[in-house]
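Peer 1: Quick one: sequence plus predicted model below, questions after.
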Amino acid sequence: MPATSVLFLYTLRTYGDSAVSRKSGFSGCVSSFPEGKPCPQDIPGGIDIGVGLVAAVETSELRLGDAVSRSSSEDGDQEPVAMQGDRSQSITPAGLGVRAVAMVYAQNLRIGRAARATGDASARVSVTLQVPAQVEYEKAASVEQALTLLARYAPGARILAGGHSLIPMMKLRLAQPEVLIDINGIQSLRYIERVGGELRIGALARHADLLAAELAGEHFAILHDAERVIADPVVRNWGTIGGSLCQADPSEDLSAAFAALKGSMVIHGPGGRREVPARAFHTGPYETVVGPAEMLTEIRLPIRPGSGSAYLKVARRAGDWPIGAAGAAVWLEDGRIADVGIGLTAVGAAHFVAAEAEEFLRGQPADEDTFARAGEIAAGHCNPAPDQRGPAEYKRHLVGELTVRVLRAAVGRARGAGPAGPAREISTVRPAP
């Protein structure tokens, strides 16, 4: 008789000496499998440490699926079972993964070995499903109403836009807002338009809107390059541009793209409107300059002649977070690089920018030797962290190579050659540590 297993795993990513939970924070699968089969590993959603743990469990000859299947079938019930971990305490992001995942692995290893040694098929593993804490809900119909609600409930309020990041974090109690302010009804924030010499993007524009916008692709091909490799259609259809930027994930694709384009962010708050350079918007992992009673309302990109741009990332599989990624925007005059922006993501670049490489490129001829030297400079000034996606040296190599490729593609587009070079996603296997 088939058994049903529910497997919950934390995902963990590291930044320097600290550990920070993955943006999605939560991944899981519900699957049925026959007796004797190991727990399936095709878990959607970007398992990092989780997949490694499943592999470690199987290497130790503990077949969770086998133990769970006997337990369910012999008792005659179909109650779902899951891996155990003490997650009832308030855990900070920096301490989340190691303790919880280690407890899950150790507990199940002990139970599995005991069950195999004694033949006791009744050994069970249970867990209390993680759900968000109690939260109040408000729906705003205008920017003014949203700001009023933010001022009333700050600092305990959070804005709900697409929710693809916030809701999973709430399930893990990494985010525990007292009030959610839903702004999806503010249709005045969902637009992509040209005003004078700027492309303006409303904070509630969806990823799919930006990908479909011919105006955006005409002037900034980098945006379409990046949007094509962000997650999957489900995320792109509901996730918002403003939400992605405000999440401030160090591996966010659009943050690097907007940094390369040298755009600006319009923020509204109790004191009125202010405009912040895109390169000053992020102050650290998951941190921005937006205050507790403020909200991002618009992104502005200057349209300048003689420009070309491109974005490229390397990921383990399609739609995954990047191992490393680079974007470039180039403005040419008389065959030389008059101005340039290089955005880097997932490699520890301050403010998502390769500032030293940009400084070198200004005034240089747009040729292969220049691109190669810029790649070396960008690789030398980033600070990638070794993790399950690869060692630091591998990521630096990616930075150098990707910088060369996006510069080549951006210059080709600036010269009117159309899409030049591999401005797309490269899926790759994880390198050996």
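Peer 2: Right, received. Where do you want to start? Residues are numbered from 1 along each chain as shown.
Peer 1: could you give the mean pLDDT of the helix or strand where Leu344 lies?
Peer 2: Counting by DSSP states H and E, the element that carries Leu344 is strand 336-345. If you average the pLDDT over strand 336-345, you get 98.
Peer 1: With stretch 408-416 instead?
Peer 2: Stretch 408-416 comes out with an average pLDDT of 96.
Peer 1: ok, back up a step: packing partners for the strand holding Leu344?
Peer 2: Applying 3 or more CB pairs under 8 Å, 6 or more residues apart in numbering; DSSP states H and E, we find strand 336-345 packed against helix 253-261, strand 322-333, helix 355-361, helix 368-381, helix 392-414. C-beta coordinates here come from the backbone N, C-alpha and C atoms, glycine included.
Peer 1: Tyr311 is nearest to which of these?
Peer 2: strand 322-333 (4.0 Å; CB to CB).
Peer 1: I'd assumed Val179 was in contact with Pro155.
Peer 2: No. In this structure, Pro155 is not within contact of Val179 by CB atoms under 8 Å, at 10.5 Å.
Peer 1: So between these two, which is more surrounded?
Peer 2: Higher neighbour count among Pro155 and Val179: Val179, with 17 against 11, using other CB atoms under 10 Å.
Peer 1: show me what contacts that one?
Peer 2: Going by CB atoms under 8 Å, 6 or more residues apart in numbering, Val179 touches 135-138, 149, 153, 156-158.
Peer 1: Of the residues you listed, just the buried ones, PyMOL syntax please.
Peer 2: Here is the PyMOL command that selects the buried residues among the contacts of Val179 (16 or more other CB atoms under 10 Å):
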select buried, resi 135+138+149+153+157+158
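Peer 1: Out of the contacts of Val179, list just those in helices.
Peer 2: 149, 153 (DSSP state H).
Peer 1: helix/strand/coil for Ile181?
Peer 2: Classification of Ile181 by DSSP: H, G, I helix; E, B strand; the rest coil places it in strand.
Peer 1: Which strand residues bridge it?
Peer 2: Beta-bridge partners recorded for Ile181 (DSSP bridges): Glu138, Ile159.
Peer 1: May I ask you to confirm that it is in contact with Thr148?
Peer 2: No. Assessed by CB under 8 Å, Ile181 is found out of contact with Thr148, at 9.8 Å.
Peer 1: if you count what's nearby, which of those two comes out ahead?
Peer 2: Of the pair Ile181 and Thr148, Ile181 is the one with more neighbours under other CB under 10 Å, namely 24 against 16.
Peer 1: Just the element for the residue lying closest to His351 once chain neighbours are set aside, please.
Peer 2: In space, and not counting its chain neighbours, His351 is closest to Arg279: 4.9 Å by CB to CB, 6 or more residues apart in numbering. Element membership for Arg279, per DSSP H and E: helix 278-281.
Peer 1: Check which helices and strands that helix sits against.
Peer 2: helix 253-261, strand 264-269.
Peer 1: Which residues does that helix contact?
Peer 2: With CB under 8 Å, 6+ apart as the test, helix 278-281 has contacts from 245, 258-259, 261-265, 288-289, 299, 351-353.
Peer 1: for stretch 394-401, same thing?
Peer 2: Identification of contacts with stretch 394-401 by CB under 8 Å, 6+ apart yields 314, 323-324, 326, 344, 346-347, 354, 375-376, 378-380, 382, 384, 386, 389, 431.
Peer 1: Apply 6 Å and report the result again.
Peer 2: 314, 324, 347, 375-376, 378-379, 382, 384, 431 (CB atoms under 6 Å, 6 or more residues apart in numbering).
Peer 1: Give me the buried subset of those residues.
Peer 2: By neighbour count, with 16+ other CB under 10 Å, these hold 314, 324, 347, 375-376, 378-379, 382, 384 as buried.
Peer 1: These: which two are farthest apart?
Peer 2: Across the buried ones among the contacts of stretch 394-401, the longest distance by CB to CB is 18.0 Å; it joins Val314 and Glu376.
Peer 1: And stretch 323-336, what's buried?
Peer 2: Of the residues in stretch 323-336, 323-332 count as buried by neighbour count, 16+ other CB under 10 Å.
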